[in-house]
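1. Generate a structure from the sequence data that follows.
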Amino acid sequence: MKILYLHGLESKLGQEKRAILEIFGDVSAPDLDYFNNPEAIESILNTYEKEGIEVVIGSSMGGFAAYYVSTILKKPDLLFNPALRKRSVKQSIPSITINIYTLK
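-> As a prediction, this is how the structure comes out:
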């Protein structure tokens, strides 16, 4: 299984957590700078949309990003304590359509 892990605002994927995730598949965990890259979510989408990602996992700010990435890629997600939009650093949010609703 191909896993995309998105870390929180000022964190990284630690070796212990990586070792656990690698039991379940190949792990991609980009080093993201949410503060200085307001296009981080778009960047993730551009990088991983053709990589065959099967599940997206995110924690805190990474959970916020993972929600949009997984919804657009139509992949299951696992979100740990996802940040809220109004309590996050500024990010350009892609439009997503879920059934008849468009979220922006």
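2. now the helices for this protein?
-> With DSSP state H as the criterion, the chain has helices at 15-22, 40-48, 61-73.
3. where does the chain dip in pLDDT?
-> Applying pLDDT under 70 to the chain flags the ranges 85-104.
4. need the contact list for the residue nearest the centre of it.
-> Of all residues in the chain, the one closest to the mean position by Cα atoms, centre = their mean is residue 66, 2.7 Å from it. By Cβ atoms under 8 Å, 6 or more residues apart in numbering, residue 66 lies in contact with 4, 6, 56-58, 77-79, 82. Backbone N, C-alpha and C define where each C-beta goes, glycine included.
5. There's contact between residue 83 and residue 61 in this structure, I believe.
-> Yes: using Cβ atoms under 8 Å, residue 83 makes contact with residue 61 at a distance of 4.8 Å.
6. Could I get the contacting residues of the closest residue to residue 33 other than its chain neighbours?
-> Leaving aside its sequence neighbours, residue 33 sits nearest to residue 40 (Cβ to Cβ, 6 or more residues apart in numbering; 7.1 Å). Residue 40 makes contacts with 32-34, 65, 91, as judged by Cβ under 8 Å, 6+ apart.
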